[in-house]
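>>> Mind looking at a prediction? Sequence and model below.
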Amino acid sequence: MSAAAARSPAASRPSWRERRELVLVAVTAASAGVVGLVNPGFLTFENLRFVALNSVVLSIVALGQTLVIAMRGIDLSVAPLMGLSAMVCGLLAQSHGLPLWGAVGIALALGLALGTLNGVLVAALNIPPIITTLGTYSLFGGLTFLYSDGTQVDQVPPAYAAFGNAGPLGLPVPTPVLVLVLVTAACWFALNHSRFGRAVLAVGNNAAAAYNAGLRVTAIRIQVYALSGLLACFSGLVFVCYTGSATVTTGTGDHVELQSIAVALVGGTLIAGGRANVVGTVLASLFLSTVLTALVFLQVPPIWYSAGEGLMILVAVRGGTRRAGGTA
Amino acid sequence: MPGLYAAQGIRKSYGTVQVLKGVSLDLKPGRMVTIMGENGAGKSTLFKILAGQVPPSGGTLSLDGAPLALASPSAAHARGIYLVPQEPALLPELSVAETMFVGALPTRRGPLGRVDWTAMRARARAALDALELPIAVDRPARTLSIAQQQQVECAKALLRGCRIILFDEPTSPLTSHEVEHLFSIIRRLRADGCTLSFISHRMDEVLEISDEVAVLRDGLLVDVVDRPSFDRTRLLSQMVGRPMKAVPRRSVSNARDEVALEVRGLSDGARFHDVGFSLRRGEVLGLAGLVGAGRTEIAETVFGIRPAAAGEVRLGGETVTGLDCHAMIRKGLVYVPEDRARHGAVLPMTITENVTSGLLERVRRRAGLLSARDETRISASAVRDFRVRCAGLDQTLRELSGGNQQKVVFAKWMTTGPRVAILDEPTRGVDVGAKEEIYEMIDAMARDGMALLVISSESEELVRLCDRILSVYEGRIVAELSGAGITPAAVARSYLTAAAPSGGVAA
């Protein structure tokens, strides 16, 4: 007499969760408006551009995290990966004049390689993802320390700064925003309309069942962690381009791993896997970026920022686990 | 007709444990071969090997005479072999249609490889229609009942063009009504020439649906019987290796006059209404009915884990309505739920830890720490009293068979010294030999004066155990059987007549 057997399908009809995107847009706009009334400096073009670029960096990481969580995994190592990539690309550019295309190649290759390492540890060696990525969190963070050798990035070549801040072909929209649109579209298509994405969701729903249905679960897992690493490293490059700086605490200092998990969950991805919301992730990143910047404008002491993020995770997980019609 | 699937000398070992010791079996098109045997006999392992989920340690498989090596479940699907698992492969967040197509989603032509949702839905609909299953393809899979999940699995097999279909104990979670529906699907598949095989513990079903019965015991095939020579007693004795009598009706009642549990006008406002009964000390009272009739909900409400909207529960004359379950246990009422793995047994913990987890308050302690010696004493006596077969008290529950796990769960509750016990499906997933032991245990508890309320979907079980049987249909008690009126047929009839459109409650 399972609870599932007893419920009618109608039990799962629309709630606010079904219109999460609208809610996120409304809440973000409302908070921006309120803060603007208190401190008009918040609504200047410069500041809004800063909020947007900040959210782009987070969004790119969080889209990878969304894929991982949709598959019922978790990737804590995204924060040091982002930092490592920012440091490697930034230092090579600063001291060796690495061209931008070379930096893109290095960031992608680094992310792919280290993300695959995560995937192999999780999928082939069967180490639980939270342990694996906690371990590689320290490992990748250590690599950043080793590579930086006490130095830091405080200036990048003009091509990098232009890539990070200006639009291509004189467009008013910064390149990173356009890149995010492309990445989001690709993730959305993959999760909603491609065999690969549907396989990711199937694994997240029930890995044993997915295997028995003929899916290559191990390969899918490795690919998803590789993608997460790739996106984390790419966002590190975007970060160093638009800020022109990177230190050994880039990524880890802002708890990007927690932020990316928080926005994925707030965006509507289930922590238990099996359901993902790509657009929700991006909107939630924008929301978080707005709130964090707003706290600065409202002169809230920085020590409260991570408390706020923590609260956001708890609220998101509590809301997300109460799935309609779910089994008790 | 193609579809002759043969296994030759299949062996399988896990470490030093030999699960299958050379099993040869022929599955033929248009025939249903049932595999019977106690838990641990190797039935499920054999099926997993046949379906490519587990590689054999030795032996060969062949399909229509050609040798066959199956590297994975998908390789088996490609050769037309499909296993309907014991726990259906539910993907809760996906639609029914997508669940059916997982791993084989149709795509549109084009560079993007976009999934063709329209074609997927249409083909899923057609497959369900072919089996006359009225299940909406866009429903989230989590809303399906277990019976529907199995029906979807059958359609899924056909969808993948699989004509050799294996069912791993499909009927154990189903009510007799749902079993009938499943069997009508199976008959249709058989008439269509599919090669079929299934595992079951339920003798009546086996006799009804099978063309051949193969009996496995300790990893060996000990008997293959053709339809004309089916014999209940022979099958039972082949399974356990010793002669056994077919399920008898209990003869002596231990019921005393003193009322132990009284329920009046109980309702939870949704699933059941106006339920009333009284249970005397030493009495075994059965609750019969279809799965979903509200029996578990009644038990949960009596036990205090589901709120009551109206009515009264009295335990030994004292009103206990509305108390929480901790208070109920202290008052002497326990509830042994149906889903052992989820609510009863802690599989990774040892026998001792499981047994004493229900009565930590009573274990002697020194300086706030539990006395290990006292724990061992309690669990040793429980293992002895409940005849748990184990290598030692520190074995984890996961290593025990289903029957022995259930005995440990019983031991856990019974050591709290309850006056009234509610047992929900006490022998679900338990093999034939251990079933009888559990029945004897229940008899013994009744002899000691415990009042027992037993929920079971197996009519024979209720007949074997109960002094009285209440029949529940859609949340109401529709009949009461007692004395000579209790027969398997009468029990099934008592709630099925309520379900029949013609109406009329018979007992």
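Sure thing, it's come through.

>>> Surely residue B:196 is in a strand?
Yes: assessed with DSSP: H, G, I helix; E, B strand; the rest coil, residue B:196 lies in a strand.

>>> Show me the beta-bridge partners of it.
Using DSSP bridges, the beta-bridge partners of residue B:196 come out as residue B:32, residue B:165.

>>> can you pull the pLDDT of it?
pLDDT, residue B:196: 93.

>>> Distance of it relative to residue B:456?
From residue B:196 across to residue B:456, the span is 28 Å (CB to CB, to the nearest Å). Where C-beta positions appear, they are placed from N, C-alpha and C, glycine not excepted.

>>> Likewise for residue B:149?
Residue B:149 is 22 Å from residue B:456, by CB to CB.

>>> Please say which of these two ends up with more neighbours.
residue B:456 (26 against 23; other CB atoms under 10 Å in any protein chain shown).

>>> The spatially closest residue to the more buried one that is not a sequence neighbour: neighbouring residues, count only.
Leaving aside its chain neighbours, residue B:456 sits nearest to residue B:462 (5.2 Å; criterion: CB to CB, 6 or more residues apart in numbering or on different chains). Neighbour count for residue B:462, taken as other CB under 10 Å: 26.

>>> Tell me how far residue B:462 lies from residue B:287.
8 Å.

>>> Common neighbours of these two, please.
B:454, B:456, B:469 (CB atoms under 8 Å, 6 or more residues apart in numbering or on different chains).

>>> does the last one really touch residue B:285, like I thought?
Yes: taking CB atoms under 8 Å as the definition, residue B:469 is a contact partner of residue B:285 at 7.4 Å.

>>> okay, those two: which has more neighbours?
More neighbours surround residue B:469 than the other of residue B:469 and residue B:285, with 27 against 24 (other CB under 10 Å).

>>> If we ignore the residues flanking it in sequence, what's nearest that one?
Using CB to CB, 6+ apart and skipping the chain neighbours, the partner closest in space to residue B:469 is residue B:286 (4.0 Å).

>>> Tell me which helix or strand the one you found sits in.
Assigned by DSSP states H and E, residue B:286 belongs to strand B:284-289.

>>> Now do that strand, average pLDDT.
Strand B:284-289 shows an average pLDDT of 90 in the prediction.

>>> strands paired with that strand, and their directions?
strand B:451-455 (parallel), strand B:468-473 (parallel).

>>> Which stretch among those strands is buried most, on average?
Of all the strands paired with strand B:284-289, strand B:451-455 has the most neighbours on average by mean count of other CB atoms under 10 Å in any protein chain shown, namely a mean of 26.

>>> what helices or strands is the next helix or strand after that strand leaning on?
Beyond strand B:451-455 in the direction of the C-terminus, DSSP H and E gives the next helix or strand as helix B:459-465. Contact analysis of helix B:459-465 by 3 or more CB pairs under 8 Å, 6 or more residues apart in numbering or on different chains; DSSP states H and E lists strand B:284-289, helix B:432-447, strand B:451-455, helix B:488-499 as its packing neighbours.

>>> Worst mean pLDDT among the ones you listed?
Among those, helix B:488-499 scores lowest, at a mean of 69.

>>> Show me chain B divided up by domain.
Using automatic domain parsing, the domains assigned to chain B come out as B:5-90+B:144-240, B:259-499.

>>> Tabulate those domains (JSON lines), appending distance to residue A:28.
Formatted as JSON lines, the domains of chain B follow (distance: least, CB to CB, whole Å):
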{"stretch": "domain B:5-90+B:144-240", "distance to residue A:28": "36"}
{"stretch": "domain B:259-499", "distance to residue A:28": "40"}
